[in-house]
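Chemist: Sequence and predicted model, in that order:
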Amino acid sequence: AAGQLPQLPSSCGAPAACVELIAQCCVADPMQRPSMSGAAARLRDIAQSQEIQLSEVKPPAALLRFDDDQERRVKEAEDAAAQRLVEVDKQRCALRMELAQLHSKIEDLRKHTAELSAST
């Protein structure tokens, strides 16, 4: 029915604490719901008690679907990032060459200074 939380099937395997948290988050009165930080903390506690690594939990496939425009934007962003990496790598190579030249000049100046010191 409209405005009612569907029942989670007992066969879904969700811990009772998860089912309780879902119910708390879906309370009709927003003031009675846990804050986002509170819900996140509770979820971390539940995961820890169940020995679940949250970083290894994959979202449902339905949440991962892209529309064509999103897919295009993601591809453009990836391409731009790859191009920027190429540019940064070129700059890094140029800076390494410049650094090597500066090291060589410093060494030459040290030798020259030692020669001057020895001759006086």
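Modeler: Structure received. Numbers count the residues shown, from 1 in each chain.

Chemist: L21: neighbouring residues, count only.
Modeler: By other Cβ atoms under 10 Å, the residues close to L21 number 19. Yep, even glycine has a C-beta here, placed from its N, CA and C like the rest.

Chemist: Surely it touches R44?
Modeler: No. With contact defined as Cβ atoms under 8 Å, L21 does not count as touching R44 (11.2 Å).

Chemist: pLDDT on the helix or strand hosting E98, on average?
Modeler: Using DSSP states H and E, E98 falls within helix 68-119. The pLDDT scores in helix 68-119 average 92.

Chemist: okay, now I22: neighbour count?
Modeler: By the criterion of other Cβ under 10 Å, I22 has 13 neighbours.

Chemist: in which helix or strand would I find it?
Modeler: Using DSSP H and E, I22 falls in helix 16-25.

Chemist: now swap in E51 and tell me
Modeler: E51 belongs to no helix or strand when assigned by DSSP H and E.

Chemist: show me what contacts P34?
Modeler: Contact partners of P34, counting by Cβ atoms under 8 Å, 6 or more residues apart in numbering, are 21, 24-25, 42.

Chemist: Backbone torsions only: list them for P34.
Modeler: phi -70, psi 150 (degrees, to the nearest 10).

Chemist: where's Q32 relative to A40, distance?
Modeler: Separation of Q32 from A40 (Cβ to Cβ, to the nearest Å) stands at 18 Å.

Chemist: Those two: which is more packed in?
Modeler: A40 (12 against 8).

Chemist: Using the three-state scheme, assign the more buried one.
Modeler: helix (DSSP: H, G, I helix; E, B strand; the rest coil).

Chemist: And for K58?
Modeler: coil.

Chemist: Just the pLDDT for it.
Modeler: So K58 comes in at 78 (pLDDT).

Chemist: Likewise for E20?
Modeler: Reading off the model, E20 has pLDDT 89.

Chemist: Quick one: residues contacting it.
Modeler: Taking Cβ under 8 Å, 6+ apart as the definition, E20 has no contacts.
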